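Visitor: no sequence for this one, just the structure:
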């Protein structure tokens, strides 16, 4: 053993020798009461040339603290006589658990870790934001064919979370709603989510409107209804696939989603016929809504009817819009953009439309008026269509006064009327933050000066920001009105 080795093995008692924290504080973003949060960690470093003994590591709040620490594999609030070798370090893991309160706005929970070494007291501040919420826990389960269980509860299970008028259930929006499993809207029930409601969904959670049920999401400009994953740490702010979907079945022609922000799930909205009857009641009106960062599809429709206006559906692992087995669809002043940049590359275009099963060709009416289709791929449109001599099978697919990023032929003027096609994407103000308003100098979406463009602009006379479109001048397409 060398002299240097002997020196390292010696314990320093010098008051000048201290430890170092790997960061000067630990901040937990908003976490919900009773759910805790992800564990964070710090390192306590001994940068001295000799061993050092920590007399104690303790939480300032002791046993009443909302925080728990783990040192060398043991959980607690206080630890003593911990040695760190020269030029070495140890990890301390920190978790926060927020107790329920009746506070409806975020509250600050503070504490600190005190480390006593060689007569010195060193402090690491801890801080978390906590918030009370309505918790919708799964009460029942259905066994699926693959052996897994689909867990769920009904929208009227948590009595204090809504007001009721017969079969109409309106959520309270004074606190966030946290959903475990599926929240089910039963047949003949009407479920209303008012403006400003914040909805947080756990892994594999979703909202399921059964055949005959109805949902109305009634956000307003500046007071949108938000759907996102339950994790609030910064690492999850833009992480897709954190929850499942909003799933709407047939039965009601009055399903509405207005001014919603739907993000970081698997499928944003799925509207489909669940039974064997195609062409019956079942319609969704979706307006002024943003669906973004889905690990599968943004808007998925199967043999349904959808009316859309001023929507931005963007950045999904596969399709932003996926239409299968026909149906009736109209989209005005919408943007379907896909600039997905996650770890797994995107292989699908922004829009996919299919109109058949293996047995038959189905009626299909899809109209895009004054819309934008954009993305990173050379072709962002896939039309997987079959025709039939059966006059009952109506086929009408039309892009009118649209800007398209595509390599498919647009020479058929019945299908592509006054469209502009480019290999270069539009220039947007802030793609990284899903702001799909084009830059001031972007003129490729302006100047659509024909009667059809003006009439389509009148369908949604206000843009996504509430600005009135001037339909007497050449039209700017897309969700934003730019004079």
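Guide: Everything's here; your move. Only a predicted model underlies this, so the values are computations on that prediction, with no experimental measurement involved. Numbers count the residues shown, from 1 in each chain.

Visitor: Compute the number of surrounding residues for residue 117.
Guide: 22 (other C-beta atoms under 10 Å). C-beta coordinates here come from the backbone N, C-alpha and C atoms, glycine included.

Visitor: Tell me who's in contact with it.
Guide: Applying C-beta atoms under 8 Å, 6 or more residues apart in numbering, we find residue 117 in contact with 17-19, 52-55.

Visitor: I'd guessed residue 415 sits against residue 400; true?
Guide: No - in this structure residue 415 lies outside contact range of residue 400 using C-beta atoms under 8 Å: 9.6 Å.

Visitor: can you list the weak-confidence ranges in the stretch 51-200 of the chain?
Guide: Applying pLDDT under 70 to the stretch 51-200 of the chain flags residues 102, 105.

Visitor: Show the residue spans covered by the strands in the stretch 1-150 of the chain.
Guide: 20-21, 26-32, 40-46, 52-59, 67-71, 74-76, 78-84, 88-96, 107-117, 120-131, 134-136, 140-143, 149-154 (DSSP state E, counting those that start in this stretch).

Visitor: Distance to residue 361 added to those, as CSV?
Guide: Listed next are those as CSV, based on distance: least, C-beta to C-beta, whole Å:
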stretch, distance to residue 361
strand 20-21, 67
strand 26-32, 49
strand 40-46, 56
strand 52-59, 68
strand 67-71, 61
strand 74-76, 63
strand 78-84, 71
strand 88-96, 57
strand 107-117, 58
strand 120-131, 52
strand 134-136, 42
strand 140-143, 33
strand 149-154, 33
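
Visitor: Pick the most buried one from those strands.
Guide: strand 134-136 (a mean of 22; mean count of other C-beta atoms under 10 Å).

Visitor: give me the element residue 411 is part of.
Guide: If you go by DSSP states H and E, residue 411 is not part of any helix or strand.

Visitor: Run a quick neighbour tally on it.
Guide: Residue 411: 7 neighbours (other C-beta under 10 Å).

Visitor: ok, residue 376 touching residue 339?
Guide: Yes - if you go by C-beta under 8 Å, residue 376 and residue 339 touch, sitting 5.4 Å apart.

Visitor: list residues touching both of those two?
Guide: Counting by C-beta under 8 Å, 6+ apart, the residues touching both residue 376 and residue 339 are residue 425.

Visitor: where's the nearest residue to residue 400 once chain neighbours are set aside relative to residue 461, distance?
Guide: Using C-beta to C-beta, 6 or more residues apart in numbering and skipping the chain neighbours, the partner closest in space to residue 400 is residue 417 (4.5 Å). Applying C-beta to C-beta, to the nearest Å, the value for residue 417 to residue 461 is 22 Å.

Visitor: Please identify which of the two sits among more neighbours.
Guide: Legend: neighbour count by other C-beta under 10 Å for residue 417 and residue 461, higher for residue 417 (17 against 12).

Visitor: just checking, the more buried one touches residue 410?
Guide: No - counting by C-beta under 8 Å, residue 417 stays clear of residue 410, with 9.6 Å between them.

Visitor: okay, and the common contacts of those two?
Guide: With C-beta under 8 Å, 6+ apart as the test, residue 417 and residue 410 both reach residue 399.

Visitor: Report how many residues lie close to the closest residue to residue 231 other than its chain neighbours.
Guide: Nearest non-adjacent residue to residue 231, counting by C-beta to C-beta, 6+ apart: residue 242, 6.4 Å away. Using other C-beta under 10 Å, residue 242 has 22 neighbouring residues.

Visitor: and residue 242, which of the three is it?
Guide: coil (DSSP: H, G, I helix; E, B strand; the rest coil).

Visitor: Distance check, it against residue 198.
Guide: From residue 242 to residue 198 the distance is 15 Å (C-beta to C-beta).

Visitor: what's residue 366 in contact with, if anything?
Guide: Each residue near residue 366 by C-beta under 8 Å, 6+ apart is listed here: 323, 327-330, 353, 396-398.

Visitor: Type out the ChimeraX command that picks the buried ones from those.
Guide: To isolate the buried ones among these in ChimeraX, judged by 16 or more other C-beta atoms under 10 Å, type:
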select :323,327,328,329,330,353,397,398
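
Visitor: Give me the lowest-pLDDT entry from the contacts of residue 366.
Guide: Of all those, residue 396 carries the smallest pLDDT score, 89.

Visitor: Distance of residue 436 relative to residue 265?
Guide: Residue 436 is 19 Å from residue 265, by C-beta to C-beta.

Visitor: brain fart, residue 226
Guide: Taking C-beta to C-beta, one finds residue 226 at 12 Å from residue 265.

Visitor: Mind checking which of those two has more residues around it?
Guide: Between residue 226 and residue 265, counting by other C-beta under 10 Å, residue 265 is the more crowded of the two (28 against 16).

Visitor: ranges for the helices of the chain?
Guide: 3-9, 451-459 (DSSP state H).

Visitor: Settle it for me: which of residue 415 and residue 400 has more neighbours?
Guide: residue 400 (22 against 17).

Visitor: Please enumerate the strands of the stretch 201-350 of the chain.
Guide: Using DSSP E, counting those that start in this stretch, strands in the stretch 201-350 of the chain cover 206-209, 214-218, 225-229, 246-248, 255-258, 260-263, 267-272, 283-287, 290-292, 297-309, 312-314, 321-332, 335-338.
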